[in-house]
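Colleague: here you go, sequence then predicted model.
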Protein chains: 2
Amino acid sequence: MTKARITYISGLQFVAEADSGHAVIMDGEEKFGGRNSGARPMELLLMGLGGCSGMDIVSILKKKKERLTGLDIHVSGTMAEEYPHKYTQIDIEYVVRGRGLSDAAVKRAVQLSMDKYCSVKATLEGVAKIGFSYKIVEE
Amino acid sequence: MTKARITYISGLQFVAEADSGHAVIMDGEEKFGGRNSGARPMELLLMGLGGCSGMDIVSILKKKKERLTGLDIHVSGTMAEEYPHKYTQIDIEYVVRGRGLSDAAVKRAVQLSMDKYCSVKATLEGVAKIGFSYKIVEE
């Protein structure tokens, strides 16, 4: 079981502390009464999705001895206009940097993350449609 | 549209930066090749859920002129044993602190967040069953 404790500070500011011992500040926009001192809660879902899938891809490519030099993941989410503004679509673009990377290995790593390993993706995809693409940059 | 950029640093460490301008470090456990320098991606989902719902409840109770002095939210998630270890159940316990709080007002605020306003809850509930309870502490 994974646990987090979220404590109200003031305004719309909350501090969340999880089992791992790490804490994250969340806050709202000024126009809603916040002070913008931390990320929005809905942003954390996109951050978690990119981090989860990124860890899969790095692990897989390292096991395959691919010469990975960088990985940037751009995640964008579209929310429904009506309340509760859930994510209806999330798109992930992977920019995989390396030296002589195998296109087949990168494609397989991305697919394994999306289809088999990424816990965050598997939790979000019940509501949000999740699309993805990748490109390889030689450097 | 909400966006986040997740950049690989080293080991299993990633930094995620979102549209709001705030950044969060994610990392894996030592046993998986990480250095435990930041939260796990799956923890971010529970943190976001607590923060999202907490902001709703604070906003609603303040509008009702309730004398809220504190709010602690305990979120726990159970993952499936098989890959991709998605959340199957998430439970939220709200501890609402205040002076002379109306039980009916607190109950209504929690229900409005869960049923109508909380974007994170509405995004997660397609896969995870979400339960909740609250208690009021006079102080």
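Modeller: In hand now; what should we look at? Numbering: from 1, shown residues only, chains lettered A, B, ... in the order given.

Colleague: ok, and the closest non-adjacent residue to the one residue in chain A that gets nearest to chain B?
Modeller: In chain A, no residue comes nearer to chain B than A:Gly126, which is 2.4 Å away by C-beta to the nearest C-beta. Using the backbone N, CA and C atoms, a C-beta is placed for each residue, glycine as well. Distance criterion C-beta to C-beta, 6 or more residues apart in numbering or on different chains; nearest residue to A:Gly126, sequence neighbours excluded, is B:Gly126 at 2.4 Å.

Colleague: now do the residue of chain A closest to chain B, the pLDDT please.
Modeller: Confidence at A:Gly126, expressed as pLDDT, is 96.

Colleague: where exactly do the strands run in chain A?
Modeller: Remark: strands assigned in chain A by DSSP state E are A:2-10, A:13-18, A:23-26, A:68-79, A:87-98, A:129-138.

Colleague: and the fifth one with strand A:68-79, angle?
Modeller: When you say that, I think you mean strand A:87-98. 170 degrees (axes from the mean of the first three to the mean of the last three C-alpha atoms, to 10 degrees).

Colleague: list the contacts of A:Val15.
Modeller: A:Val15 makes contact with A:Ile6, A:Thr7, A:Ile9, A:Ala23, A:Val24, A:Ile25, A:Met26 under the criterion C-beta atoms under 8 Å, 6 or more residues apart in numbering or on different chains.

Colleague: report how many residues lie close to A:Lys135.
Modeller: Neighbours of A:Lys135 under the rule other C-beta atoms under 10 Å in any protein chain shown: 10.

Colleague: in this structure it contacts A:Gly98, no?
Modeller: No: A:Lys135 is beyond contact range of A:Gly98, at 11.8 Å (criterion: C-beta atoms under 8 Å).

Colleague: between the contacts of A:Val15, which is closest to B:Phe14?
Modeller: Within the contacts of A:Val15, the smallest distance to B:Phe14 is 13.8 Å, found for A:Val24 (C-beta to C-beta).

Colleague: burial count for the closest one?
Modeller: Neighbours of A:Val24 under the rule other C-beta under 10 Å: 27.

Colleague: enumerate every residue touching the nearest residue to it once chain neighbours are set aside.
Modeller: Nearest non-adjacent residue to A:Val24, counting by C-beta to C-beta, 6+ apart: A:Ala16, 5.0 Å away. By C-beta under 8 Å, 6+ apart, the contact set of A:Ala16 is A:4-7, A:23-26, B:46-48, B:50-51.

Colleague: check contacts around A:Lys121.
Modeller: By C-beta under 8 Å, 6+ apart, the residues touching A:Lys121 are A:Leu49, A:Cys52, A:Ser53, A:Ser113, A:Met114, A:Ile130, B:Pro84.

Colleague: can you get me a residue count around A:Met42?
Modeller: A total of 23 residues lie near A:Met42 under the criterion other C-beta under 10 Å.

Colleague: who wins on neighbours among the contacts of A:Lys121?
Modeller: Of all the contacts of A:Lys121, the highest neighbour tally under other C-beta under 10 Å goes to A:Leu49, namely 31 neighbours.
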